[in-house]
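Visitor: starting from these lines, generate the structure:
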Amino acid sequence: MLSYQHAYHAGNPADLHKHATLAALLALMTRKPRAITVMETHSGRGLYDLSGDEARKTGEAAEGIARLDPTSHPLWQAIAAIRTAHGDAAYPGSPLVTQAALRPQDRHILMELHPQEHRALSTALRGTSAEIHKRDGYEGVLALSPPKPRRGLVLIDPSYEVKSEYEGVAEFTHRLVAKWPEAVVMIWYPILPAARHVAMVEGLKLPKTVDEVAFDLKGGKGMIGSGLVLINAPYGSDQVLRDTRALCRGILR
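Guide: Residues are numbered from 1 along each chain as shown. Have a look, this model is predicted:
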């Protein structure tokens, strides 16, 4: 939906779950010199100001990134690089978390349909080799699959503002894997009291790894947890998920 803007939620516990896992997965996938392609269906603006009006209005970052201690984890390496360039209140979205992990031989393809978010994303990644498309993320990723390099990862991270999005994600994932069978697919979803994610996860008729965490956010009003599904998870992914929980101990459970 074009009404959603992630600036209100940047740096919250769900972001930590998603971004820590993404950063560590990419570190795992770039250990060998072979190039990879990373694509995102819903990229957002890429860079967030936690001192801005949106973040201060919700206060969600105070329950997430503000409680995290610096470590050598790949997510903190990305955050440190971003804050060196943009100040201590900066927080990277998934495009900049990814950009921090990629090498010159890798390819980075981003979809963002929201006009304001697309402009901000283009600014945040100016001077990089990222390919930024103002188009529907599902249509764009399918149109470009399988890409070259063929080894790679797709992050599926919609807003889920519309109930049908859950079913749509499952349908899209099956179509994507049919076109690009070797792709590592990472799906993020919110865990809400209505539990609409359950049917989506059960509807993914593919070998998968599911990781769900709970957290306290706004006293339990709204989102109560965060979920990830990994399709074609690379060897070592179990350790990546354990490392995410260790990094976020006391925030995620």
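Visitor: drop to CA atoms for contacts and neighbour counts, all remaining ones
Guide: Will do.
Visitor: quick one: the strands in the stretch 1-150 of the chain?
Guide: Shown for the stretch 1-150 of the chain, the strands assigned by DSSP state E, counting those that start in this stretch span residues 37-40, 47-49, 90-92, 107-111, 131-133.
Visitor: list the pairing partners of the third one within its sheet, with orientation.
Guide: Each strand pairing with strand 90-92, determined using DSSP bridges, is listed with its direction: strand 47-49 (antiparallel).
Visitor: need the residues that contact the worst-scoring helix or strand of the chain on mean pLDDT.
Guide: Ranked by mean pLDDT, DSSP states H and E, the weakest helix or strand in the chain is helix 53-58, scoring a mean of 85. With Cα atoms under 8 Å, 6 or more residues apart in numbering as the test, helix 53-58 has contacts from 7-10, 49-50, 61.
Visitor: try it again with 7 Å
Guide: Helix 53-58 is contacted by residues 7-10, 50 when judged by Cα atoms under 7 Å, 6 or more residues apart in numbering.
Visitor: so which of the strands of the stretch 1-150 of the chain comes closest to A124?
Guide: The closest of the strands of the stretch 1-150 of the chain to A124 is strand 47-49. By Cα to Cα, the value is 6.2 Å.
Visitor: so how far is the closest one off the chain centroid?
Guide: Offset of strand 47-49 from its chain centre (Cα atoms, centre = their mean, to the nearest Å): 15 Å.
Visitor: quick one, strands of the stretch 151-253 of the chain?
Guide: In the stretch 151-253 of the chain, the strands defined using DSSP E, counting those that start in this stretch lie at 152-156, 184-191, 208-214, 225-231.
Visitor: including mean neighbour count, distance to E202 and mean pLDDT, could those strands go into CSV?
Guide: Shown next, in CSV, are those (neighbours: other Cα atoms under 10 Å; distance: least, Cα to Cα, whole Å; pLDDT from 0 to 100):
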stretch, mean neighbour count, distance to E202, mean pLDDT
strand 152-156, 23, 17, 98
strand 184-191, 22, 13, 97
strand 208-214, 15, 10, 97
strand 225-231, 21, 11, 97
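Visitor: much appreciated, bye for now.
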